[in-house]
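Enquirer: Could you work out the structure for the sequence below:
(2 chains)
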Amino acid sequence: MISVRGLRKHYTVYKRPPGLLAAFGSLFRRIPTAVKAVDGISFDIGRGERVGFLGPNGAGKTTTLKVLSGLLYPSSGEVRVDGHVPQRREEAFLKKIMLVMGQKQQLLWDLPPSETFALNRAIYEVPEPEYRRRLAELTELLELQDLVNKPTRTLSLGERMKCELAAALIHGPKVLFLDEPTIGLDVSMQAAIRGFIRRYNEQTGATLLLTSHYMDDVAALCPRVIVIDKGTLSYDGRLDALVRRIRPEKRVVLRLDRPAEARALEGMGKVVSSDAAQVVLQIAQDKVSGTVARGLATLSVRDLTVEDPPLEEVMSELFSQGRTRTETAA
Amino acid sequence: MSARSTVRALPTLVRVGFAEAIAYRAEMLVWVLSTTMPLIMLALWSAVAADAPVGRFDQRDFLAYFLATFIVRQLTGAWVAWQMSFEVRTGTLAMRLLRPLHPMVSYAVENLAALPLRLVVALPVAMLALLLLGTARLPRSPALWGVWAVAVLGGWLITFLANALIGCLALWTGSSIKVMDVWLVAFMVFSGYLVPVELFPGVLRTLVAWLPFRYQIGFPVEVMTSAYDLPAALGMLARQWAFVLAFLGLAAIVWRRGLRRFAAYGG
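Expert: Residues are numbered from 1 along each chain as shown, chains lettered A, B, ... in the order given. A predicted model of the protein is given here:
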């Protein structure tokens, strides 16, 4: 469905130091700086896949999504989305895709979302019965009943995002690019949006490429992740394999009836945190069963869970490894 | 989007565009009223012509000319340069580019959708003109009225396409509002908006004939005030539409080239 080969997108930006003198000087001389937003990445995504596109700020994620959706011309490389070259922006291509940006909106600011829905129906030529059916589905799934007739500017961020998603899906896109779709939303709204996106993918078989700084989004939606850093690809594969590679240890969480003595925890693994009610240990995978048995025997354990380390920590470590590699190379 | 699909979508596009135009009714009305410069010029030129005509214009001719200018201005307004410059700078042009409808078509519909509100202001002025002047200065032949209608369309197209062309420059410069300001100054001076082109000195009048500004507003006003017979009006119409085609071609080239530079900032 999506094929990217050696994609590069380089910009020239002009730097200007702060201050009045620099502002005046910039009228006569500008300082150009080459930015390699994306620097030769390649990957393929199959039909119906849900893929997380991860990387630190400025890694090139959004730039890649913008190239894939035809907004930006690549500096070099070859990109195909369902057989189309995105930058040609052919009508058939634009009817198949949608890019939802958490920080930009297509809803008409001064009008109720229902007007944007109607506009999209006309522009995407969705037959009236299909439009009504799809809108009813979206209204129910996203609980839009009370929102669609209020001016967009009066809606909260979460309400707007739900309406954005509905507007984006009126024409039933086959490829959905989601750029931080849950940014700024509260936890329950994030969960609702995640659930909705997953259902859309399962019901329609749409291909999904998602960027998000909320690792819960990625964990809930994306079996596969592509990680880029400074414009280059650093990982492409299953999320669980990435977690195992970066953090091969497991987390054992022991909830206690009585506080544990420090001596009792010696030799059980790395103590991540410890207080009167709970101890969190980080343990190599092959030592989990032994440690659990010892903990149950020697501590007053009320409850016990074995978990993967939090995805945020895994990503933070992955990105810091990337930085270390770059600094070493420099 | 094919032409047929665009036509099918047009009623919804216009309806939504009109709803947007009237979202801030008071602001829109104030903006329409801000185009009353011809009425100010009417007062000035009437004072000048109080004792003797200026060229062929007596006070009633000036009244006819500037009321017609006010009406044509309402019918040919476009503001896409400001929209484009803003949308390029903030990256929101991206949302238009994602839709299977050419952004120029959506800009055009949005600009045209404000027309009914502008007519609300223009029609009473037209009625007033009829009341004060009668029909003596209006074209007698239906063919000339046909030329007038096509000339108003041509005037709007030149205004819209010049706006679009200047808006596209923002793809290189980041913002093109100041270029539009310069264009507007030239428009005010050379279009017949402030001074009928007939009153320009000879050399300047020749120069104005080769500039696009007169065809934006002066020419439709001149047709409306019976300044031409049919052959002369058709000759001017041909010149006007040559400008329309030139601007169309130029805007298409600049748009296509500029789009390669679009950075879709933000997000």
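
Enquirer: can we go C-alpha only for contacts and neighbour counts from here?
Expert: Noted.

Enquirer: I'd like the mean pLDDT over stretch B:89-108, please.
Expert: Averaging pLDDT along stretch B:89-108 gives 92.

Enquirer: Please put the alpha-carbon coordinates of it into CSV.
Expert: Extracted C-alpha coordinates of stretch B:89-108, given in CSV (Å, rounded to 0.1, in the frame of the first residue of the first chain):
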residue,chain,number,x,y,z
ARG,B,89,2.6,31.6,6.4
THR,B,90,0.7,29.5,8.9
GLY,B,91,0.7,26.3,6.9
THR,B,92,-3.1,26.1,6.8
LEU,B,93,-3.1,26.0,3.1
ALA,B,94,-2.3,22.3,3.7
MET,B,95,-5.9,21.6,4.6
ARG,B,96,-7.1,23.0,1.2
LEU,B,97,-4.4,20.9,-0.6
LEU,B,98,-5.6,17.7,1.0
ARG,B,99,-9.1,18.0,-0.6
PRO,B,100,-9.8,16.9,-4.2
LEU,B,101,-10.9,20.4,-5.1
HIS,B,102,-8.4,22.8,-6.6
PRO,B,103,-7.7,25.4,-3.9
MET,B,104,-8.2,28.2,-6.5
VAL,B,105,-11.8,27.0,-7.0
SER,B,106,-12.4,27.0,-3.3
TYR,B,107,-11.0,30.5,-2.9
ALA,B,108,-13.1,31.7,-5.9
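
Enquirer: Quick one: distance of it to the chain centre.
Expert: 22 Å (CA atoms, centre = their mean, to the nearest Å).

Enquirer: for stretch A:77-86, same thing?
Expert: 22 Å.

Enquirer: Could the C-alpha coordinates of that stretch be exported in CSV?
Expert: Provided in CSV are the C-alpha atoms of stretch A:77-86 (Å, rounded to 0.1, in the frame of the first residue of the first chain):
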residue,chain,number,x,y,z
GLY,A,77,13.6,9.4,-3.5
GLU,A,78,10.5,7.5,-4.6
VAL,A,79,7.2,7.4,-2.8
ARG,A,80,4.1,5.5,-3.8
VAL,A,81,0.8,5.4,-1.9
ASP,A,82,-1.6,2.8,-3.4
GLY,A,83,0.2,3.2,-6.7
HIS,A,84,0.0,7.0,-6.7
VAL,A,85,2.9,9.5,-6.6
PRO,A,86,1.6,11.7,-3.8
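
Enquirer: Can you list phi and psi of the closest residue to chain A within the stretch 51-200 of chain B for me?
Expert: Taking CA to the nearest CA as the measure, the stretch 51-200 of chain B has B:Pro100 as its residue closest to chain A, at 5.2 Å. Torsion angles at B:Pro100 (phi, psi; degrees, to the nearest 10) stand at phi -80, psi 50.

Enquirer: ditto for A:Tyr11
Expert: phi -120, psi 160.

Enquirer: Show me what it is bridged to.
Expert: Here A:Tyr11 sits in beta bridges with A:Val35, as judged by DSSP bridges.

Enquirer: dump the residue contacts of it.
Expert: A:34-37 (CA atoms under 8 Å, 6 or more residues apart in numbering or on different chains).

Enquirer: ok, 10 Å please
Expert: A:32-38, A:75, B:261, B:263 (CA atoms under 10 Å, 6 or more residues apart in numbering or on different chains).

Enquirer: hmm, back to that, run a quick neighbour tally on the residue of the stretch 51-200 of chain B closest to chain A.
Expert: Applying other CA atoms under 10 Å in any protein chain shown, we find 22 other residues in the vicinity of B:Pro100.

Enquirer: From the contacts of A:Tyr11, list just the buried residues.
Expert: In the contacts of A:Tyr11, burial by neighbour count holds for A:36-38, A:75, B:263, counting by 16 or more other CA atoms under 10 Å in any protein chain shown.

Enquirer: quick one: which of those residues is nearest A:Leu21?
Expert: Nearest to A:Leu21 among the buried ones among the contacts of A:Tyr11: B:Ala263, at 28.1 Å, using CA to CA.

Enquirer: per-residue pLDDT, the closest one?
Expert: 80.

Enquirer: before we move on, what SS does the residue nearest to A:Gly158 when sequence neighbours are not counted have?
Expert: Distances taken as CA to CA, 6 or more residues apart in numbering or on different chains put A:Leu185 closest to A:Gly158, at 5.6 Å, once the chain neighbours are dropped. Counting by DSSP: H, G, I helix; E, B strand; the rest coil, the backbone at A:Leu185 sits in coil.

Enquirer: do A:Thr182 as well
Expert: Classified using three-state DSSP, A:Thr182 is coil.

Enquirer: burial count for it?
Expert: A:Thr182, neighbours per other CA under 10 Å, totals 27.
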